[in-house]
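Novice: sequence? don't have it. structure:
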């Protein structure tokens, strides 16, 4: 019995370390700001603000578990946002056109990333770094350097509307994508293979896994979700801004890492990533409400990322 | 003898609630070679890791020359003049030989401090002197990456010796080196003895133990069993102590009916490692592939398995020619490859035992791509019992297992695919007598049930004991084929050294 | 082998630059350079277009360079322009301090250099400055905001990147006006770095605190549009008025629809024209004042049609 307890504690600590950090931060903010932060409406607001980063983080999670990194997602957000907004002027195209365009452009860029990494054998950091710059340039070219305005109300409603008048659609998308990602990652053969190639690419290849194909798929997922996030951001800000999405890739990576996914690949859980994305939004929201200067916010955010990962690492050390 | 140089007393250690050492003792005298014996999982590595400060003991004490010491890190152990040559080598691949030898204690130019320059020339010179004095032919300036496993093992040994240690731990130092190199090693060990250095020697090779060891301590299942003079033990007594039962036969050869040809390999090449290889494998047959390290045996089976895309040749299964462009093609043709290197090619150490066991069979088990956890769990439980994997939970990560248990996971993983042709590359490398016997029995069961086994082994005794037929390779070619009735060590060695071009200075092979 | 290839490549590179640099001007028309700090928002695009139009009108050739928000890149662009024999240089500096070496180099070579929109720290080294008083812009925006909310209430500021010229000037303008209105309280003052999405998030969070805001005053229109979206989503546009600055196309549309209360034009076209004219005069040896200021214009629903 005692043995079992020990195992359980270790396991719990390892799996839930980040949950505890999250709970502590939540509790602190609730104490500091009981009337504003802790209101249900604000909690929904946090969820909404976590959504776009959360969707990017879901894609990034696949990439990082597979042992890679995708730096191009921020630029993809800008490009697909600009393209979507350009095709969303009143009286031009049906709403489905910008939606399909945004998602498929993201998918296509992801496919290129994957090709370069899987068949070109170029390190992911370099391929996606190059792609980040190329796509940022493309966003500026497509938009002529200036934001694209004048979108339809329907386009604005993609991110702006509510389900049952209460739940922002952004949150609905985030939850849906999370459920799908979690399902793919934990319940499908493909998901298992993502872990396998991230854990040991060579043994995966020896085990009959087509490593290249899995890799390409992973970057396509990330690209596609970034394309969708670009659509959502353009809808949310009612404009396609070519400079939007800068450093979004870093927030997505931060969410994944805070969530306990190892940068070296092969391990990590989907709910960690959700908590990571929520944690980042909670910190931003809480500090805004407490009226902390945005410059201090950067410092606090960075420190929390490091501390969260530190606690996670320490928690894991205890058990292995 | 005089005062013991090392005493480890009443050592206890548990990992995640599982007791791996229980009241273990070890007493070592200066100038002796003390063999530490036991099956895999007996606790030898853990005991040595405690001595090296990698783990801390839950209970017990360590006395060095009668003084109590606490090694909380390998660095401290080294400062206490204890050094260890690991079984799994971890050299810095992109540094040269001399830099590896002097790693952490580089010879500096001028002032000390982190900004002082490393004196590479001096390090290479001293390394060369060291090598010359021992008679090793490796250039101090070659990159570790370019050395063979045997060569890096030698470098690792020299490194340990060059630190003026009073206790040197050698964990399976000969698992990857040739007989000639073993001789060099033993010579070094004798030299160390003369200087009063104590050597703790871990090996599964009985011949070695009896030729080099003075005393033997046996552990079994984390318990201390006995310590005795090597001269008062023999092979059978030692095995009995280790396994806890008599081994009637080391190589239990079971006779299976040999049938039709199941696999025909024709003119297979993977330049420059494998050249124009042709052979046949029959149903129920155990075909051994013998040869020296670097003969191209692993490359041949990897090429057959679809690992190397540039390999050429034709392969027929049951009379039908098949195209194998990828490992997946080999698997769907019911071929399994149990590789030599568990860390690199065999397992995903980060993943659980369960995930490792099912990874190759996922398509077979779940043809729609959706995993049914209950079914997976049941299949894994069955495998764990069948192959005797010892683990607290199947959800535990594979790297928490001992080498022998890891090997069982690899075998479980591949046999779950229900292959007809099982290729095993050095299946008993680095595992103990009991586990070896389990594998021989398993091979026997496999062929009895009509499957075919292609087995690479560098241990001539083993391959002669297990195989029905032996192919011998040298420099990528098959140089000989022997039927069981013609097996002899001399013939195998003769074929294994049939070098066509006669250039023997190909060191990297 | 590799070294040889490298050396050959370097030689080819050097020769090719020599060839291009040595190329004589084909036309007799003077060539002018416009160095933009970046080309990634409405303001910089509008400004460069305005300068281009002015150059056409004056019959001179103009080449626009994009500094990519990188001062070292901008310095090398200025240096190449000097070497290539440009007659004069207009610069919208990427950094008010860091650009000094470029300005010194232009002076040394005798190429007139005029700064536009932003003063540099060593403004005396340049021949002239054409721009707006950011303080004035802030004052115009704030004066209208004060009037619109009836001289009292709680307000919030959305600021540009702290320390930028425009942020400092415009915010100073706000406080110059607020001195006379003790009943107005600034409850929030945060930077959203000119960005719409950051301003949107920030405004959403402010709205969660339950503080009754009367106005959100933004340093630029991009941030004002983000705040507008947040306030509209919260259905509070009847309580909270939004004010911007820059007169971007979407802001003008929002003013026309009565959603954005006001924006302020910093007369970007006029800045471009004045700068180009001043530079041509300098090249032709005429005198121009060291500071040429262009005025701001308030844009509300009443006069927005004139700007669209």
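Specialist: Nice, thanks for sending it over. Keep in mind the model is a prediction, meaning the values are calculated, not measured.

Novice: Run through the stretch 401-509 of chain B and note the low-pLDDT ranges.
Specialist: Scanning the stretch 401-509 of chain B for pLDDT under 70 picks out the ranges B:430, B:432-433, B:500-509.

Novice: In contact with the nearest residue to residue A:237 once chain neighbours are set aside, which residues?
Specialist: Distances taken as Cβ to Cβ, 6 or more residues apart in numbering or on different chains place residue C:196 nearest to residue A:237, at 4.4 Å, with adjacent residues excluded. For the C-beta atoms, the positions are set from N, CA and C on the backbone; glycine is no exception. Contact criterion Cβ atoms under 8 Å, 6 or more residues apart in numbering or on different chains gives A:147, A:237, A:239, A:241, A:244, C:222, C:223, C:225, C:226, C:229 as the residues in contact with residue C:196.

Novice: rerun that using 10 Å as the cut-off
Specialist: A:147, A:233, A:236-239, A:241, A:243-244, C:220-229, C:250 (Cβ atoms under 10 Å, 6 or more residues apart in numbering or on different chains).

Novice: Likewise for residue B:376?
Specialist: By Cβ under 10 Å, 6+ apart, the contact set of residue B:376 is A:192, B:354, B:355, B:357, B:358, B:361, B:362, B:365, B:366, B:394.

Novice: Can you read off the pLDDT for it?
Specialist: Looking at residue B:376, its pLDDT stands at 88.

Novice: Which helix or which strand is home to it?
Specialist: Secondary-structure element containing residue B:376, defined by DSSP states H and E: helix B:373-387.

Novice: by how many degrees do the following helix or strand past that helix and helix B:373-387 diverge?
Specialist: The helix or strand immediately downstream of helix B:373-387 is helix B:403-415, counting by DSSP H and E. Angle between the axes of helix B:403-415 and helix B:373-387 is 120 degrees (criterion: axes from the mean of the first three to the mean of the last three Cα atoms, to 10 degrees).

Novice: helices and strands around helix B:403-415, which ones?
Specialist: Packed against helix B:403-415 by the contact rule (3 or more Cβ pairs under 10 Å, 6 or more residues apart in numbering or on different chains; DSSP states H and E) you find helix A:201-206, strand B:335-338, helix B:353-358, helix B:373-387, strand B:421-425, helix B:433-448.

Novice: In JSON lines, list these along with distance to residue C:203.
Specialist: JSON lines is the format used below for these (distance: least, Cβ to Cβ, whole Å):
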{"stretch": "helix A:201-206", "distance to residue C:203": "46"}
{"stretch": "strand B:335-338", "distance to residue C:203": "61"}
{"stretch": "helix B:353-358", "distance to residue C:203": "46"}
{"stretch": "helix B:373-387", "distance to residue C:203": "46"}
{"stretch": "strand B:421-425", "distance to residue C:203": "65"}
{"stretch": "helix B:433-448", "distance to residue C:203": "67"}
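
Novice: closest one to residue C:115 among the ones you listed?
Specialist: Comparison of the helices and strands packed on helix B:403-415 against residue C:115 by Cβ to Cβ identifies helix A:201-206 as nearest, at 54.6 Å.

Novice: The following helix or strand past that closest one and chain C, are they touching?
Specialist: Remark: after helix A:201-206, the chain's next helix or strand is helix A:211-236, criterion DSSP H and E. Yes: contact of helix A:211-236 with chain C is found when judged by Cβ under 10 Å from any Cβ of the partner chain, involving A:233, A:234, A:236.

Novice: ok, the second one to residue A:182 distance?
Specialist: In this case it means residue A:234. Counting by Cβ to Cβ, to the nearest Å, the gap from residue A:234 to residue A:182 is 27 Å.

Novice: Please identify which of those two sits among more neighbours.
Specialist: residue A:234 (33 against 18; other Cβ atoms under 10 Å in any protein chain shown).

Novice: neighbours of residue B:94, just the number please.
Specialist: By the criterion of other Cβ under 10 Å, residue B:94 has 9 neighbours.

Novice: Strands of the stretch 151-300 of chain A, start to end?
Specialist: Under the criterion DSSP state E, counting those that start in this stretch, the stretch 151-300 of chain A contains strands at A:162-163, A:167-168.
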